[in-house]
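Engineer: Below are the sequence and a predicted model for it; my questions follow.
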Amino acid sequence: MSKKPIELILPFAVPAKERFKPFTKDMEMAAIFYLAERNRKKGEGRVLKKPGEKLLFIAETCYPVWLIPWKGRTIILDGLSLTSQSLSYNTLPDIKAFDNDVQSSSKSREAYCAALSQHVNYFQNYVGKEEKTIKGLIKDPEFIQDLMDYLQDAEDIRVAPIKTILDPTLDISEVSASLDELSILRNMVDQDIKNLCRSMKLLSKGRKEQVKMLQDELKKSIGDFDKQIRRVKPKVMAKIKKIQEKRDEEVTRISKKYEGKLHAIHQKRINTERTFERLSCEMSRIEADIKAAREHKDEAIEFQLTQKIEETKKKFPVLNRALKDIDKDIENVEDTKKIKVARARSKPDDRVEEAMMILRDIEAAKEAKNRLEHQELDSLEDQTALIIGQINAMLKEKEGALNEIDSIGTLARRRKRALSYLSLYFVCYETEDGKRFVVHPPSYVGCMGIKTKLKGVFGAGKMKSFFQSRSQSIEALLDRLVDLTQENPVFEKEIIEAEIKANILRTSELKMRVKKGLTELKDDKWISDNECQYLYKCL
């Protein structure tokens, strides 16, 4: 930045869109003189009257603002460094250390998972915060937009005897330093974004590799277990078959044994049932014989048969008891058979379980391996997703910070740097107690509208409508010139000396121009005859 910058001057006042009457520099100076005199304190108090202020100078002053091309934009810098901006920078954790640890652990899945577990909260918080102060930087969007509009009225600077051109305290080297700081900050943020993206890619790649490795290992393990099962299962099933065959033989032996017993008992019951039936038939025959004896009135035979039937009846209870006992014996034998058969079948169950234990151990080991590796897979996915989520949150913040840096200034491109001067009027009032400074900011020149005329009717100064500040944000910056003057004795001394030389009331020629301007204001009805005459006397 060694080449001399383009120098532009922005006029103090330009006619507003609604103004059609001519506006001259004489009118401008006269209007400022009117406002300065109106604002001058004339002295107060009747008993202890304070002395009035003396108008030390009214000088048109040019405030420097840098317009610097930077990365396709135009950066605005305060030439007097009254404005600076602090841009914060959040310091990332040591990404290189993280990447190296993850990469060096990637050969072993166990080591890789341990590394992830150790760094699961690595990107949860920043490790620090730095402040980068960009000297002179102006970020206010309203100021920038107003300045861009203002630049439409810019002219090449001409050295004029009635203007004070303030030299920028922010010189070329400091402008370069400010831009370097801004570029360094941008590069740091941009590098952070690249580093975070690289870490995300590294984790995604590592996840894919470890998942594939885990899936291949699981597939191999399952295959090995299946081979082992196929090898063991036929032997186990053959052994179980032998155990079952022996069990079936034992069950058959027990069943036959008790079926023989049941056969004998059932045979006994059949014999008893037949005896019961025979006695029933005999009872029926005897009863028929008794009936016949009665019909033949053979009492001896009837008596004999009656005794016989009584004896036969006595046999029925005995037979019923015998049948019940036989049924009980059948039930007991059947229950015993069931118990013996169940016992015979249960004994081989233990041996079957024992034979199956080998097969079931292999299947359980297979299931355990499958479950553990799926849990490990889930843990790997969850930890990777958590870390990537934290990185992504930081990435979004960094992208926002980069966008903020890249949006500094305005899109209006400039090929060369420029030093633009904002024109203002600086007024100084003086008393024995000290000095008072007032800034009149760049303005639009109004027209004599209905509202302005009404102000005159009701006694309000119409001249307040003559100059209308073109930008509140530009005015706020220029007002800080008063603070600088009051706070910096060296600057105060220098600016007072310069402003006295540029005072619009310094020479007779300048005063004549002010008088001419007052006349033009009077002719345009902005001031009255009395006001004009009073101001003539003040000159």
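Structural biologist: That came through fine.

Engineer: can you give me the strands for this protein?
Structural biologist: Secondary structure of the chain (DSSP state E): strands at 6-10, 13-15, 54-70, 73-78, 84-91, 128-135, 155-156, 163-165, 418-431, 434-440, 443-445, 467-469.

Engineer: now what about the shortest one, what contacts it?
Structural biologist: This means strand 155-156. With CB atoms under 8 Å, 6 or more residues apart in numbering as the test, strand 155-156 has contacts from 7, 8, 9, 10, 11. C-beta coordinates here come from the backbone N, C-alpha and C atoms, glycine included.

Engineer: How far off centre is that strand?
Structural biologist: On the basis of CA atoms, centre = their mean, to the nearest Å, strand 155-156 is displaced by 49 Å from the centre of the chain it belongs to.

Engineer: What of stretch 282-290?
Structural biologist: That offset, for stretch 282-290, works out to 112 Å (CA atoms, centre = their mean).

Engineer: mind giving me the domain split of the chain?
Structural biologist: 6-92+127-170+413-538, 216-382 (automatic domain parsing).

Engineer: would you turn those into a markdown table with mean pLDDT and mean neighbour count?
Structural biologist: Formatted as a markdown table, the domains of the chain follow (pLDDT from 0 to 100; neighbours: other CB atoms under 10 Å):
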| stretch | mean pLDDT | mean neighbour count |
| --- | --- | --- |
| domain 6-92+127-170+413-538 | 87 | 17 |
| domain 216-382 | 86 | 13 |
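
Engineer: Which one of the contacts of strand 155-156 is nearest to residue 199?
Structural biologist: Nearest to residue 199, judged by CB to CB, of the contacts of strand 155-156 is residue 8 at 47.2 Å.

Engineer: Quick check: that closest one touching residue 152?
Structural biologist: No. Counting by CB atoms under 8 Å, residue 8 does not reach residue 152; the two are 11.2 Å apart.

Engineer: So which residues of the stretch 201-350 of the chain form helices?
Structural biologist: 299-406 (DSSP state H, counting those that start in this stretch).

Engineer: contacting residues for the residue sitting nearest the centre point of the chain?
Structural biologist: Among the residues of the chain, the one closest to the centroid is residue 393, at 5.7 Å (CA atoms, centre = their mean). Going by CB under 8 Å, 6+ apart, residue 393 touches residue 123.

Engineer: Please repeat the previous calculation with a cut-off of 10 Å.
Structural biologist: By CB atoms under 10 Å, 6 or more residues apart in numbering, the contact list for residue 393 reads 123, 124, 196.

Engineer: do you know how far the second one is from residue 54?
Structural biologist: Yep, that's residue 124 we're talking about. Separation of residue 124 from residue 54 (CB to CB, to the nearest Å): 66 Å.

Engineer: Setting the sequence-adjacent residues aside, check what's closest to residue 91.
Structural biologist: Take residue 91 and drop its neighbours on the chain: the residue closest to it by CB to CB, 6 or more residues apart in numbering is residue 128, 3.9 Å away.

Engineer: make that residue 356, sorry
Structural biologist: Nearest one to residue 356, counting by CB to CB, 6+ apart, is residue 236 at 6.3 Å.

Engineer: Hmm, that neighbour is touching residue 352, no?
Structural biologist: Yes. Counting by CB atoms under 10 Å, residue 236 touches residue 352, with 9.4 Å between them.

Engineer: Can you pull the phi and psi angles for residue 120?
Structural biologist: Residue 120 adopts backbone torsions of phi -60, psi -20, taken as degrees, to the nearest 10.

Engineer: roughly how far apart are the residue nearest to it when sequence neighbours are not counted and residue 93?
Structural biologist: Distances taken as CB to CB, 6+ apart put residue 383 closest to residue 120, at 5.5 Å, once the chain neighbours are dropped. According to CB to CB, residue 383 stands 16 Å off from residue 93.

Engineer: Same question for residue 411.
Structural biologist: Distance of residue 411 to residue 93, computed by CB to CB: 35 Å.

Engineer: Look at the two and report which has more neighbours.
Structural biologist: Taking other CB atoms under 10 Å, residue 411 and residue 93 do not tie; residue 93 has more neighbours (18 against 9).

Engineer: I'd assumed residue 123 was in contact with that one.
Structural biologist: Yes. The criterion here is CB under 10 Å, and residue 93 meets it with residue 123 at 6.3 Å.

Engineer: Overlap of the contact sets of these two?
Structural biologist: Common neighbours of residue 93 and residue 123 (CB under 10 Å, 6+ apart) are 199, 390, 394.
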